[in-house]
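Student: The sequence and its predicted three-dimensional model are supplied below.
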Amino acid sequence: MKLFGIVYSLCFIICYIPQIMRLVQTKKSGDISISLFGLSVFGYISALIYVFAEIGYDIVLIINYSTCLIFCLVIIFLSMKYRKNL
């Protein structure tokens, strides 16, 4: 079952990389939903709290949620940086 957890984590982590690369390359973020990533940040923080409080030290989940949290924050930062004033 640990293998499924690792695969799951890799998929979640990798799925953010193309969006970050596109933001950096195009420097355009008009079609990005910041609210989606803001809600994701709240979800990942909640998931980390849950893991530490209820599950304990599970390295796969901690790395997954922490990395995805950081990627969401990077996407929000880049989106706000490249957003044109409307």
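Tutor: Looks like it arrived, so ask away.

Student: Sticking with the residue nearest the centre of the chain, tell me its helix or strand.
Tutor: The chain has residue 68 as the residue nearest its centroid, 3.0 Å off, counting by CA atoms, centre = their mean. Counting by DSSP states H and E, the secondary-structure element that holds residue 68 is helix 59-82.

Student: and that helix, what does it pack onto?
Tutor: For helix 59-82, the packing partners by 3 or more CB pairs under 8 Å, 6 or more residues apart in numbering; DSSP states H and E come out as helix 2-14, helix 17-26, helix 34-50. Every C-beta, even on glycine, is put in place using the N, C-alpha and C of the backbone.

Student: What mean pLDDT does that helix get?
Tutor: Looking at helix 59-82 alone, the average pLDDT works out to 93.

Student: swap in stretch 7-20?
Tutor: For stretch 7-20, mean pLDDT rounds to 90.

Student: List the buried residues for it?
Tutor: Going by neighbour count (16 or more other CB atoms under 10 Å), the buried part of stretch 7-20 is 9, 13, 16, 19.

Student: swap in stretch 65-74?
Tutor: 65, 66, 67, 68, 69, 71, 72, 74.

Student: hang on, the earlier thing: nearest to residue 47, out of the buried residues of stretch 7-20: which one, please.
Tutor: The closest of those to residue 47 turns out to be residue 9 (CB to CB; 11.8 Å).

Student: Surely the closest one is in contact with residue 63?
Tutor: Yes: taking contacts as CB atoms under 8 Å, residue 9 lies within contact range of residue 63: 6.4 Å.

Student: Give the residues shared as contacts by those two.
Tutor: Common contacts of residue 9 and residue 63, defined by CB atoms under 8 Å, 6 or more residues apart in numbering, are absent altogether.

Student: Not counting its neighbours along the chain, what's nearest residue 13?
Tutor: The shortest distance from residue 13 to any residue that is not its chain neighbour, by CB to CB, 6 or more residues apart in numbering, is 5.0 Å, and that residue is residue 67.
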